[in-house]
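Asker: next come a sequence and a model predicted from it.
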Amino acid sequence: MPSPIDAYLHEVRRALRHDPILARRVLEEVADHLAESVAAGRKTGMSDHEAEESAVHRFGPAAQFVRQFDKFVTPLRVLVGFASIVTVGVAFWLFSVIVFVLPSHDPGHIPLWRTVAICFLGYSGLSWAYLVLGPRRVLLRWSVLAISTVAIALGIYGIVDTVRRASAGGDFEGYLILMGLILCGHGVTAFVYSAISARIARQLR
Amino acid sequence: MEKEPLLTGQIDMLLLAVVAREPAHGYAIIEQLRLRSRGTFALPEGTVYPALYRLERLGLLASSEHKVSGRTRRIYRVTRAGAAALRDREATWRQLVKGIEAVLRGGPIPGHA
(Lines give C-alpha, C1' and ligand atoms only; values in the text may rest on other atoms or scores of the structure.)
Protein backbone atom coordinates (compact mmCIF):
# COMPACT_ATOMS: atom_id res chain seq x y z
CA MET A 1 0.00 0.00 0.00
CA PRO A 2 1.53 3.37 -0.96
CA SER A 3 2.20 5.91 1.76
CA PRO A 4 -0.15 8.94 1.94
CA ILE A 5 2.57 11.12 0.42
CA ASP A 6 3.30 8.72 -2.44
CA ALA A 7 -0.42 8.48 -3.19
CA TYR A 8 -0.74 12.26 -3.09
CA LEU A 9 2.25 12.81 -5.40
CA HIS A 10 0.93 10.16 -7.76
CA GLU A 11 -2.38 12.00 -7.97
CA VAL A 12 -0.67 15.33 -8.65
CA ARG A 13 1.58 13.72 -11.28
CA ARG A 14 -1.42 12.13 -12.97
CA ALA A 15 -3.36 15.39 -13.03
CA LEU A 16 -0.41 17.30 -14.53
CA ARG A 17 0.67 14.62 -17.00
CA HIS A 18 -0.21 16.85 -19.96
CA ASP A 19 2.45 19.36 -19.04
CA PRO A 20 5.58 17.45 -17.96
CA ILE A 21 7.63 20.61 -17.51
CA LEU A 22 5.18 22.13 -15.04
CA ALA A 23 4.65 18.68 -13.47
CA ARG A 24 8.34 18.32 -12.70
CA ARG A 25 8.56 21.67 -10.99
CA VAL A 26 5.33 21.29 -9.02
CA LEU A 27 6.10 17.73 -7.91
CA GLU A 28 9.57 18.65 -6.69
CA GLU A 29 8.19 21.54 -4.68
CA VAL A 30 5.30 19.55 -3.22
CA ALA A 31 7.61 16.64 -2.34
CA ASP A 32 10.02 18.99 -0.58
CA HIS A 33 7.18 20.72 1.26
CA LEU A 34 5.58 17.48 2.43
CA ALA A 35 8.95 16.09 3.55
CA GLU A 36 9.51 19.19 5.70
CA SER A 37 5.98 19.02 6.99
CA VAL A 38 6.42 15.35 7.95
CA ALA A 39 9.70 16.10 9.73
CA ALA A 40 7.92 18.83 11.73
CA GLY A 41 5.08 16.44 12.55
CA ARG A 42 7.50 13.78 13.82
CA LYS A 43 9.05 16.32 16.17
CA THR A 44 5.66 16.76 17.81
CA GLY A 45 5.51 13.01 18.55
CA MET A 46 3.46 11.80 15.60
CA SER A 47 4.18 8.43 14.00
CA ASP A 48 5.47 8.41 10.41
CA HIS A 49 2.06 7.54 9.05
CA GLU A 50 0.26 10.13 11.17
CA ALA A 51 2.78 12.79 10.18
CA GLU A 52 2.32 11.97 6.48
CA GLU A 53 -1.46 12.03 6.75
CA SER A 54 -1.37 15.31 8.58
CA ALA A 55 1.01 16.87 6.03
CA VAL A 56 -1.18 15.79 3.12
CA HIS A 57 -4.33 17.00 4.88
CA ARG A 58 -2.84 20.44 5.58
CA PHE A 59 -1.74 20.76 1.96
CA GLY A 60 -5.31 20.32 0.74
CA PRO A 61 -6.96 18.01 -1.81
CA ALA A 62 -4.72 17.22 -4.81
CA ALA A 63 -7.43 17.97 -7.39
CA GLN A 64 -8.06 21.39 -5.85
CA PHE A 65 -4.34 22.11 -5.71
CA VAL A 66 -3.73 21.14 -9.34
CA ARG A 67 -6.77 23.11 -10.55
CA GLN A 68 -5.03 26.30 -9.47
CA PHE A 69 -2.37 25.67 -12.13
CA ASP A 70 -4.93 25.29 -14.92
CA LYS A 71 -4.35 28.76 -16.27
CA PHE A 72 -0.61 28.16 -16.52
CA VAL A 73 -0.81 24.99 -18.60
CA THR A 74 -0.46 27.05 -21.75
CA PRO A 75 2.35 25.33 -23.72
CA LEU A 76 0.32 22.20 -24.24
CA ARG A 77 -2.80 24.19 -25.05
CA VAL A 78 -0.88 26.18 -27.65
CA LEU A 79 0.53 22.95 -29.10
CA VAL A 80 -2.86 21.23 -29.13
CA GLY A 81 -4.52 24.34 -30.57
CA PHE A 82 -1.89 24.72 -33.28
CA ALA A 83 -1.99 20.99 -34.10
CA SER A 84 -5.80 21.16 -34.32
CA ILE A 85 -5.77 24.08 -36.74
CA VAL A 86 -3.10 22.46 -38.93
CA THR A 87 -4.88 19.07 -38.88
CA VAL A 88 -8.25 20.56 -39.78
CA GLY A 89 -6.62 22.72 -42.47
CA VAL A 90 -4.76 19.81 -44.05
CA ALA A 91 -7.81 17.53 -43.83
CA PHE A 92 -9.93 20.17 -45.54
CA TRP A 93 -7.28 20.70 -48.21
CA LEU A 94 -6.96 16.95 -48.93
CA PHE A 95 -10.74 16.63 -49.03
CA SER A 96 -11.05 19.48 -51.56
CA VAL A 97 -8.24 18.05 -53.72
CA ILE A 98 -9.84 14.58 -53.78
CA VAL A 99 -13.42 15.76 -54.33
CA PHE A 100 -13.04 18.88 -56.50
CA VAL A 101 -9.60 18.96 -58.17
CA LEU A 102 -8.54 15.42 -59.04
CA PRO A 103 -11.78 14.18 -60.71
CA SER A 104 -11.39 16.74 -63.52
CA HIS A 105 -7.56 16.98 -63.68
CA ASP A 106 -6.07 13.66 -62.67
CA PRO A 107 -8.67 10.99 -61.77
CA GLY A 108 -6.05 8.22 -61.85
CA HIS A 109 -4.44 9.58 -58.67
CA ILE A 110 -7.62 9.66 -56.59
CA PRO A 111 -6.99 6.29 -54.85
CA LEU A 112 -3.41 7.35 -53.98
CA TRP A 113 -4.52 10.67 -52.49
CA ARG A 114 -7.42 9.04 -50.66
CA THR A 115 -4.90 6.67 -49.04
CA VAL A 116 -2.65 9.62 -48.18
CA ALA A 117 -5.62 11.41 -46.58
CA ILE A 118 -6.66 8.37 -44.52
CA CYS A 119 -3.07 7.74 -43.36
CA PHE A 120 -2.63 11.41 -42.45
CA LEU A 121 -5.83 11.48 -40.43
CA GLY A 122 -4.83 8.23 -38.68
CA TYR A 123 -1.42 9.70 -37.86
CA SER A 124 -3.03 12.91 -36.59
CA GLY A 125 -5.45 10.90 -34.45
CA LEU A 126 -2.59 8.94 -32.85
CA SER A 127 -0.58 12.13 -32.26
CA TRP A 128 -3.62 13.71 -30.64
CA ALA A 129 -4.06 10.73 -28.34
CA TYR A 130 -0.34 10.96 -27.46
CA LEU A 131 -0.67 14.63 -26.52
CA VAL A 132 -3.85 14.19 -24.53
CA LEU A 133 -2.90 10.98 -22.69
CA GLY A 134 0.66 12.08 -21.94
CA PRO A 135 4.07 10.53 -22.57
CA ARG A 136 3.73 7.56 -20.21
CA ARG A 137 1.79 5.35 -22.66
CA VAL A 138 4.77 3.45 -24.01
CA LEU A 139 3.03 1.66 -26.89
CA LEU A 140 1.37 4.86 -28.06
CA ARG A 141 4.63 6.74 -27.77
CA TRP A 142 6.61 4.25 -29.84
CA SER A 143 3.80 4.01 -32.42
CA VAL A 144 3.81 7.78 -32.87
CA LEU A 145 7.60 7.88 -33.08
CA ALA A 146 7.72 5.03 -35.61
CA ILE A 147 5.12 6.70 -37.80
CA SER A 148 6.86 10.04 -37.34
CA THR A 149 10.09 8.52 -38.66
CA VAL A 150 8.23 7.32 -41.74
CA ALA A 151 6.48 10.71 -42.07
CA ILE A 152 9.79 12.60 -41.95
CA ALA A 153 11.36 10.22 -44.49
CA LEU A 154 8.35 10.52 -46.83
CA GLY A 155 8.26 14.30 -46.36
CA ILE A 156 11.93 14.69 -47.25
CA TYR A 157 11.56 12.30 -50.18
CA GLY A 158 8.54 14.25 -51.46
CA ILE A 159 10.33 17.59 -51.24
CA VAL A 160 13.58 16.35 -52.81
CA ASP A 161 11.76 14.45 -55.58
CA THR A 162 9.54 17.42 -56.43
CA VAL A 163 12.50 19.80 -56.59
CA ARG A 164 14.51 17.31 -58.66
CA ARG A 165 11.68 16.82 -61.17
CA ALA A 166 11.06 20.55 -61.43
CA SER A 167 14.74 21.27 -62.06
CA ALA A 168 14.74 18.57 -64.77
CA GLY A 169 12.12 20.61 -66.64
CA GLY A 170 8.94 19.09 -65.19
CA ASP A 171 6.01 20.95 -63.61
CA PHE A 172 6.66 22.49 -60.19
CA GLU A 173 4.10 20.78 -57.98
CA GLY A 174 4.03 23.07 -54.97
CA TYR A 175 1.35 21.07 -53.15
CA LEU A 176 3.77 18.14 -52.85
CA ILE A 177 6.34 20.44 -51.22
CA LEU A 178 3.62 21.65 -48.83
CA MET A 179 2.61 18.08 -47.98
CA GLY A 180 6.27 17.19 -47.42
CA LEU A 181 6.76 20.15 -45.11
CA ILE A 182 3.61 19.25 -43.15
CA LEU A 183 4.78 15.66 -42.68
CA CYS A 184 8.29 16.73 -41.64
CA GLY A 185 6.93 19.39 -39.27
CA HIS A 186 4.50 16.96 -37.68
CA GLY A 187 7.18 14.29 -37.27
CA VAL A 188 9.82 16.63 -35.85
CA THR A 189 7.30 18.14 -33.41
CA ALA A 190 6.39 14.65 -32.19
CA PHE A 191 10.09 13.82 -31.62
CA VAL A 192 10.83 17.07 -29.80
CA TYR A 193 7.78 16.70 -27.54
CA SER A 194 8.67 13.08 -26.87
CA ALA A 195 12.32 13.83 -26.06
CA ILE A 196 11.51 16.66 -23.65
CA SER A 197 8.67 14.87 -21.90
CA ALA A 198 10.60 11.57 -21.61
CA ARG A 199 13.61 13.33 -20.08
CA ILE A 200 11.41 15.05 -17.53
CA ALA A 201 9.46 11.87 -16.83
CA ARG A 202 12.78 10.10 -16.07
CA GLN A 203 13.72 12.84 -13.61
CA LEU A 204 10.34 12.49 -11.90
CA ARG A 205 10.77 8.78 -11.15
CA MET B 1 -17.03 37.30 9.17
CA GLU B 2 -14.45 34.95 7.56
CA LYS B 3 -10.87 36.19 7.35
CA GLU B 4 -10.22 34.64 3.95
CA PRO B 5 -12.22 37.13 1.83
CA LEU B 6 -10.36 39.98 3.55
CA LEU B 7 -7.12 38.35 2.52
CA THR B 8 -8.10 37.96 -1.12
CA GLY B 9 -5.93 40.25 -3.21
CA GLN B 10 -3.41 40.77 -0.40
CA ILE B 11 -1.69 37.42 -0.70
CA ASP B 12 0.75 38.74 -3.31
CA MET B 13 1.79 41.62 -1.06
CA LEU B 14 2.22 39.28 1.93
CA LEU B 15 4.31 36.78 -0.03
CA LEU B 16 6.49 39.53 -1.49
CA ALA B 17 6.95 41.01 1.99
CA VAL B 18 8.09 37.68 3.43
CA VAL B 19 10.49 36.87 0.59
CA ALA B 20 11.83 40.46 0.53
CA ARG B 21 13.23 39.97 4.04
CA GLU B 22 15.11 36.84 3.08
CA PRO B 23 15.11 34.41 0.11
CA ALA B 24 13.19 31.32 1.16
CA HIS B 25 11.50 28.14 -0.07
CA GLY B 26 7.77 27.50 -0.02
CA TYR B 27 7.57 25.76 3.36
CA ALA B 28 9.64 28.46 5.07
CA ILE B 29 7.54 31.20 3.46
CA ILE B 30 4.32 29.63 4.76
CA GLU B 31 5.84 29.23 8.23
CA GLN B 32 7.11 32.83 8.26
CA LEU B 33 3.69 34.08 7.20
CA ARG B 34 2.02 32.10 9.96
CA LEU B 35 4.50 33.08 12.67
CA ARG B 36 4.78 36.75 11.77
CA SER B 37 1.00 37.14 11.59
CA ARG B 38 0.72 35.25 14.92
CA GLY B 39 -1.45 32.63 13.29
CA THR B 40 -3.80 35.07 11.53
CA PHE B 41 -2.59 33.96 8.11
CA ALA B 42 -2.52 30.20 8.49
CA LEU B 43 -3.15 29.73 4.78
CA PRO B 44 -4.14 26.41 3.23
CA GLU B 45 -0.63 25.31 2.25
CA GLY B 46 -1.58 24.24 -1.26
CA THR B 47 -2.69 27.77 -2.17
CA VAL B 48 0.72 29.34 -1.72
CA TYR B 49 2.61 27.50 -4.49
CA PRO B 50 0.36 28.59 -7.37
CA ALA B 51 0.65 32.16 -6.04
CA LEU B 52 4.46 31.91 -5.94
CA TYR B 53 4.46 30.47 -9.46
CA ARG B 54 2.23 33.31 -10.67
CA LEU B 55 4.46 35.95 -9.05
CA GLU B 56 7.49 34.41 -10.72
CA ARG B 57 5.77 34.47 -14.09
CA LEU B 58 4.97 38.14 -13.51
CA GLY B 59 8.67 38.76 -12.93
CA LEU B 60 8.16 39.84 -9.32
CA LEU B 61 9.94 36.79 -7.91
CA ALA B 62 12.82 34.71 -9.23
CA SER B 63 13.71 31.21 -8.12
CA SER B 64 16.61 28.80 -8.23
CA GLU B 65 16.94 25.09 -7.48
CA HIS B 66 19.16 23.70 -4.73
CA LYS B 67 19.80 20.14 -3.63
CA VAL B 68 18.93 19.56 0.02
CA SER B 69 19.01 16.05 1.55
CA GLY B 70 18.65 14.55 -1.93
CA ARG B 71 15.56 16.64 -2.68
CA THR B 72 15.29 19.58 -5.04
CA ARG B 73 14.40 22.74 -3.18
CA ARG B 74 13.25 25.89 -4.95
CA ILE B 75 14.37 29.10 -3.28
CA TYR B 76 12.53 32.31 -4.11
CA ARG B 77 13.91 35.83 -4.02
CA VAL B 78 12.36 39.18 -4.85
CA THR B 79 13.38 40.81 -8.13
CA ARG B 80 13.87 44.54 -8.60
CA ALA B 81 10.39 44.74 -10.15
CA GLY B 82 9.05 42.76 -7.19
CA ALA B 83 10.60 45.17 -4.70
CA ALA B 84 9.04 48.13 -6.53
CA ALA B 85 5.65 46.37 -6.67
CA LEU B 86 5.89 45.66 -2.94
CA ARG B 87 6.58 49.34 -2.17
CA ASP B 88 3.57 50.38 -4.28
CA ARG B 89 1.23 47.86 -2.69
CA GLU B 90 2.44 48.65 0.78
CA ALA B 91 1.80 52.39 0.24
CA THR B 92 -1.68 51.67 -1.13
CA TRP B 93 -2.41 49.32 1.77
CA ARG B 94 -1.30 51.85 4.42
CA GLN B 95 -3.46 54.52 2.81
CA LEU B 96 -6.40 52.14 2.77
CA VAL B 97 -5.91 51.21 6.42
CA LYS B 98 -5.71 54.90 7.38
CA GLY B 99 -8.97 55.55 5.55
CA ILE B 100 -10.73 52.58 7.14
CA GLU B 101 -9.50 53.55 10.60
CA ALA B 102 -10.70 57.13 10.12
CA VAL B 103 -14.16 55.90 9.14
CA LEU B 104 -14.31 53.41 12.02
CA ARG B 105 -13.23 56.05 14.56
CA GLY B 106 -16.01 58.30 13.29
CA GLY B 107 -13.96 61.47 13.68
CA PRO B 108 -14.85 64.86 12.19
CA ILE B 109 -15.06 65.27 8.40
CA PRO B 110 -12.23 67.59 7.24
CA GLY B 111 -13.58 70.98 6.11
CA HIS B 112 -16.89 70.48 7.96
CA ALA B 113 -16.93 72.11 11.38
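Answerer: Sure, I can see it.

Asker: residue B:65 should be in a helix, yeah?
Answerer: No. In this structure, residue B:65 is strand, not part of a helix, as judged by DSSP: H, G, I helix; E, B strand; the rest coil.

Asker: nearest spatial neighbour of it, skipping sequence neighbours?
Answerer: residue B:72 (5.2 Å; CB to CB, 6 or more residues apart in numbering or on different chains). No exception for glycine: its C-beta is placed from N, CA and C like everyone else's.

Asker: what residues does the strand or helix carrying that neighbour touch?
Answerer: Using DSSP states H and E, residue B:72 sits in strand B:71-78. Contact with strand B:71-78 is made by A:25, A:28-29, A:31-32, A:35, B:16, B:19-20, B:23-26, B:29, B:52, B:56, B:60-67, B:86, as judged by CB atoms under 8 Å, 6 or more residues apart in numbering or on different chains.

Asker: tell me which of those fall in strands.
Answerer: B:24, B:25, B:61, B:62, B:63, B:64, B:65, B:66, B:67 (DSSP state E).

Asker: which one of those residues sits closest to residue A:126?
Answerer: Of all the ones in strands among the contacts of strand B:71-78, residue B:65 has the smallest distance to residue A:126: 34.9 Å, by CB to CB.

Asker: in contact with the closest one, which residues?
Answerer: A:28, B:72, B:73, B:74, B:75.

Asker: ditto for residue A:177
Answerer: Residue A:177 touches A:158, A:159, A:162, A:163, counting by CB under 8 Å, 6+ apart.

Asker: any idea which helix or strand carries the residue at minimal distance from the centre of chain A?
Answerer: Residue closest to the mean C-alpha point of chain A, counted by CA atoms, centre = their mean, is residue A:131 at 2.8 Å. In the assignment (DSSP H and E), residue A:131 maps to helix A:110-133.

Asker: got the contact list for that helix?
Answerer: A:17-18, A:76, A:79-80, A:83, A:87, A:90-91, A:94-95, A:97-98, A:102-103, A:137, A:140-141, A:143-144, A:147, A:151, A:179, A:183, A:186, A:190, A:193.

Asker: got the angle for the worst-scoring helix or strand of chain A on mean pLDDT vs helix A:110-133?
Answerer: Sorting the helices and strands of chain A by mean pLDDT, DSSP states H and E puts helix A:74-96 at the bottom, at a mean of 76. Put simply, helix A:74-96 runs at 170 degrees to helix A:110-133, going by axes from the mean of the first three to the mean of the last three CA atoms, to 10 degrees.

Asker: other residues contacting helix A:74-96?
Answerer: Here helix A:74-96 has contacts from A:18-19, A:21, A:113, A:116-117, A:120-121, A:124, A:127-128, A:131-132, A:182, A:185-186, A:189, A:193, using CB under 8 Å, 6+ apart.

Asker: ok so, going back, what comes up buried for the helix holding residue A:131?
Answerer: A:113, A:116, A:117, A:120, A:123, A:124, A:126, A:127, A:130, A:131 (16 or more other CB atoms under 10 Å in any protein chain shown).

Asker: please convert the buried members of the contacts of strand B:71-78 into PyMOL selection syntax.
Answerer: Filtering the contacts of strand B:71-78 down to the buried ones (16+ other CB under 10 Å) takes a single PyMOL command:
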select buried, (chain A and resi 25+28+29+31+32+35) or (chain B and resi 16+19+20+23+24+25+26+29+52+56+60+61+62+63+86)
